[in-house]
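> Return atomic coordinates for the entry below.
(2 chains, ligands or ions: 2)
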Amino acid sequence: MGSINLKQVTKSFGDVNVIKPLDLAIKNGEFIVFVGPSGCGKSTLLRMIAGLEDTTSGTIEIDGQDATNMPPAQRGLAMVFQSYALYPHMSVRANIAFPLKRAKVDPKVIDEKIAAAAKILNLTDYLDRKPGQLSGGQRQRVAIGRAIVRQPSAFLFDEPLSNLDASLRVNMRLEISELHKSLATTMIYVTHDQVEAMTMADRIAVFNGGIIEQVGTPMELYQKPINRFVAGFIGSPKMNFIDVSPKHGDPTHSLGVRPEHLKVTTEKGLWRGTVGVVEHLGSETFLHVNVEGVGTLTIKDHGDCTLQYGDTVNLTAPKNKILHFDANGQTIASLSWQ
Amino acid sequence: MATTQSRTLARVMLLPSVTLLLAWMIVPLCMTLYFSFLDYNLLIPGDNEFVGLLNYEFFLTDPAFVESFFNTLLLVGGVLLITLTCGIALAILLDQAIWGRNYVRIMVLAPFFVMPTVSALVWKNMFMNPVNGLFAHLANWFGVAPIDFFAEMPLLSIVLIVSWQWLPFAALILLTAIQSLDREQLEAAELDGAGPFSKFYYLVLPHLSRAITAVILIETIFLLSIFAEILVTTSGGPGYASTNITYLIYTQSLLQFDVGGGSAGGIVAVIIANIVAIFLMRLIGKNLES
Ligand SMILES: Nc1ncnc2c1ncn2[C@@H]1O[C@H](COP(=O)(O)OP(=O)(O)OP(=O)(O)O)[C@@H](O)[C@H]1O
Ligand SMILES: [Mg+2]
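Numbering: from 1, shown residues only, chains lettered A, B, ... in the order given. Ligands and ions are numbered 1, 2, ... in the order given. Okay, here's the model as predicted:
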């Protein structure tokens, strides 16, 4: 069990309204990722769900029960912090056993659970070390181990991988995804990382300034963002936006084209410009093309692109890949996708 | 300080101050050691004969020595106990987000600025005086007979006064240590189902162990030589009930003008202090290593 229902929740710190009234239904077993710019309230909402922060108004339901004013320990949730928050004076074993001991679980059962968790997380050889003697990835695994032994109804992760180096991050990402598949427990995951969000999530919630702009599967958000903010936030490199002067009868104020949908063409294309910086990444090339009256457009081209600084190029894009936004930045569905 | 040259330079630069400090310590120590073997009384002029260990024998077999030795331990132990328990409680309180805590912190620190003689006098005359003291008034108000603190419980009274002086020091060091405790650890413990007591026992106390060690070591050094508070309040009495080693040496050498006996007592005190120091380092010194 692990469905979480947020109904009109708000949060204010004094006069500052950090979470505007917000509704979100998280289904049992779902992997939902919170993304959004810094300071938009992702951590705050996560901490409210965990019970570490009071809810100003609205209700939080966990498994159909009103949990708004429940103390953290009773909510049956486990949280993995960005700083790991391991207990430095205890061995790995004692760290993992801590929640079980507090719950007065039988010592024999505790030993079994620790052994099982250590096996899943490859920690068996480190059980008697102190957290200070572990690497970052191992510490992260201990933090996860401490969370899973409680068999919580949901896991909350607040940027758990941001302290790890790139290659370790890829490994841990896979491990967490695998863990989700095998445990089938609800997971709420806050991240800044595009790739983590796109690859791990069942659904992504895009936050902006204390509200949720859009919730949907990664592909939904990528293909059918409901506004300019979501379109610009999901996808890397960022979507190109082109302002157009509105014509009579056409509500379009701006167009959006993803770098991977822009093509260099020899025919007369939609735009014409000169190549600026060229970034070769090996498997692909990012071209930054300056177009008169439009600005700089980013193009994702194949790896063996031979264009150079100063070349003049024509650019085009398939019609059904161009998004149209109205004056408020909302996507005009009828023009953007058929 | 990595290269040989910079290390040599550092040694040379340190030499004068180290020499001075060493001389400062060694010369009085050697003179005391020398006096302690002499029959040297200011009231009896003449040859200061060499008497071997006689001074030590007198000092150590004096019944007052044993009593003051245990008084010293009780004084140090009692003050440490009170300052640490109250200090931890105070540090936890001051760490809470209470209104005006900056002012409270300064006020808590105040006793440390009052010099020992003054604070002992204030306690003696304003609080513990059996006729005019605040405690006597309180006792009268409740209809019980006031306690004559310095007659009935002289050592405990001194322990209380000294504890009052050292509490701010302990509280302040423990407060800075508490403030460096990672908040996320406490939150994680809360999610793990730890109540306030478990959080204190499993997280706060281990985190404080280094600060507690520092407080114990520093306070012990100073508490072994408590003097002013005793002189001002009980003068070591009644009998030897509130005499510690330091005060005993004072009565020996200055009140009886016996330089030899006092010096022997001083050397004994130095030895006791070193034994205590070694004992403490063995016991809790490992806490200081990270
Ligand atoms: N205890 C607090 N008191 C006052 N304001 C706070 C407090 N905690 C957070 N805020 C404010 O609430 C807003 C949201 O903070 P939050 O930590 O939720 O952001 P976030 O989305 O997690 O950002 P990031 O991605 O940088 O972690 C910020 O503007 C922050 O300044
Ligand atoms: Mg955050």
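
> can we go C-alpha only for contacts and neighbour counts from here?
Fine.

> Okay, whichever residue of the stretch 151-290 of chain B sits closest to ligand 1 and A:V16: tell me how far apart.
Distances between the stretch 151-290 of chain B and ligand 1 by CA to the nearest ligand atom are smallest at B:R183, namely 12.0 Å. To A:V16, B:R183 is 22 Å away according to CA to CA, to the nearest Å.

> more neighbours, the two?
Comparing B:R183 with A:V16 by other CA atoms under 10 Å in any protein chain shown, the one with more neighbours is B:R183, at 11 against 8.

> per-residue pLDDT, the residue of the stretch 151-290 of chain B closest to ligand 1?
As predicted, B:R183 sits at a pLDDT of 88.

> Then the one 10 residues further on?
Here the pLDDT value assigned to B:G193 is 86.

> and it, what is it in contact with?
A:72-74, A:99, A:102-103 (CA atoms under 8 Å, 6 or more residues apart in numbering or on different chains).

> Repeat the analysis, applying 10 Å as the threshold.
B:G193 makes contact with A:71-74, A:76, A:98-103, B:187, B:199, according to CA atoms under 10 Å, 6 or more residues apart in numbering or on different chains.

> Assess the claim that B:M31 and B:A264 are in contact.
No - if you go by CA atoms under 10 Å, B:M31 and B:A264 don't touch, sitting 11.1 Å apart.

> Neighbour count: the two, which is higher?
Between B:M31 and B:A264, counting by other CA under 10 Å, B:A264 is the more crowded of the two (29 against 11).

> isn't B:A171 right up against B:I106?
No - B:A171 lies out of contact with B:I106 (CA under 10 Å); the separation is 11.6 Å.

> In terms of packing, which of those two has more residues around it?
Higher neighbour count among B:A171 and B:I106: B:A171, with 26 against 11, using other CA under 10 Å.

> Next one: the more buried one from A:Q138, what distance?
Separation of B:A171 from A:Q138 (CA to CA) stands at 36 Å.

> ok, now B:Y34?
With CA to CA as the criterion, B:Y34 and A:Q138 are 62 Å apart.

> quick one: which of the two has more around it?
Using other CA under 10 Å as the criterion, B:Y34 and A:Q138 rank with A:Q138 on top: 18 against 14.

> which SS state does the more buried one fall under?
Assigned by DSSP: H, G, I helix; E, B strand; the rest coil, the conformation of A:Q138 is helix.

> same question, A:K7
Criterion first, three-state DSSP; result for A:K7: strand.

> unless I'm mixing things up, it is touching A:K20, no?
No - the pair A:K7 and A:K20 does not pass the contact test of CA under 10 Å, sitting 11.4 Å apart.

> got any residues that touch both of these two?
Shared contacts of A:K7 and A:K20, counting by CA under 10 Å, 6+ apart, come down to A:S57.

> Mark which of the contacts of B:G193 are buried, thanks.
A:71-73, A:76, A:98-101, B:187, B:199 (16 or more other CA atoms under 10 Å in any protein chain shown).

> phi, psi of B:L42?
Reported as degrees, to the nearest 10, the phi and psi values for B:L42 are phi -70, psi -20.

> my bad, A:T59
Dihedral angles (degrees, to the nearest 10) for A:T59: phi -130, psi 150.

> just the helices in the chain please.
Just so you know, I chose chain A. For chain A, helices defined by DSSP state H occupy the ranges A:42-50, A:92-102, A:107-120, A:136-148, A:166-183, A:194-200, A:218-223, A:228-233, A:333-336.

> was after chain B, sorry
B:4-35, B:54-61, B:63-95, B:101-109, B:116-122, B:134-142, B:149-152, B:154-179, B:183-191, B:196-199, B:205-223, B:228-233, B:245-250, B:259-284.

> and the fifth one, how far out from the chain's middle?
This means helix B:116-122. 16 Å (CA atoms, centre = their mean, to the nearest Å).

> What of the last one?
Taking the mean of its C-alpha atoms, helix B:259-284 sits 14 Å from the chain's own mean (CA atoms, centre = their mean).

> pLDDT score assigned to the closest residue to chain A within the stretch 1-150 of chain B?
Residue of the stretch 1-150 of chain B nearest chain A, by CA to the nearest CA: B:A97 (15.0 Å). pLDDT recorded at B:A97 is 76.

> B:L121 now?
85.

> try A:K108
Reading off the model, A:K108 has pLDDT 91.

> got it, and A:Q338?
Taking A:Q338 on its own, its pLDDT is 60.

> which residues touch residue 21?
Since no chain was named, I'll use chain A. Here A:P21 is in contact with A:6-11, A:57-58, A:210-212 (CA under 10 Å, 6+ apart).

> wrong one, chain B
Taking CA under 10 Å, 6+ apart, one finds B:L15 in contact with B:L21.

> which stretches of the chain have low pLDDT?
In the absence of a named chain, this looks at chain A. Counting by pLDDT under 70, the ranges of chain A that qualify are A:338.

> hmm, I had chain B in mind actually
Using pLDDT under 70, the flagged stretches of chain B are B:1-2, B:290.

> Look up the closest residue to the spatially most central residue of it, ignoring the ones flanking it.
By CA atoms, centre = their mean, chain B has its centre lying nearest to B:L223, at 1.7 Å. Spatially, and ignoring its direct neighbours in sequence, B:L223 is nearest to B:V76 (5.6 Å; CA to CA, 6 or more residues apart in numbering or on different chains).

> What residues does the one you found make contact with?
Residues in contact with B:V76 (CA under 10 Å, 6+ apart) are B:70, B:159, B:162-163, B:216, B:219-226.

> Name all residues that make contact with the closest residue to A:G136 other than its chain neighbours.
Nearest in space to A:G136, with sequence neighbours left out and distances taken as CA to CA, 6+ apart, is A:L164 at 6.4 Å. Residues in contact with A:L164 (CA under 10 Å, 6+ apart) are A:135-137, A:140, A:170, A:172.

> buried subset of those?
A:136-137, A:140, A:172.

> Closest one to chain B out of the residues you listed, please.
For the buried ones among the contacts of A:L164, the nearest to chain B is A:Q140 (13.7 Å; CA to the nearest CA).

> returning to what we had before: any chance of the helices of chain B in CSV, with distance to A:Y309 too?
CSV is the format used below for the helices of chain B (distance: least, CA to CA, whole Å):
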stretch, distance to A:Y309
helix B:4-35, 53
helix B:54-61, 95
helix B:63-95, 60
helix B:101-109, 61
helix B:116-122, 80
helix B:134-142, 89
helix B:149-152, 93
helix B:154-179, 55
helix B:183-191, 50
helix B:196-199, 62
helix B:205-223, 59
helix B:228-233, 85
helix B:245-250, 86
helix B:259-284, 68
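
> Many thanks, we can stop here.
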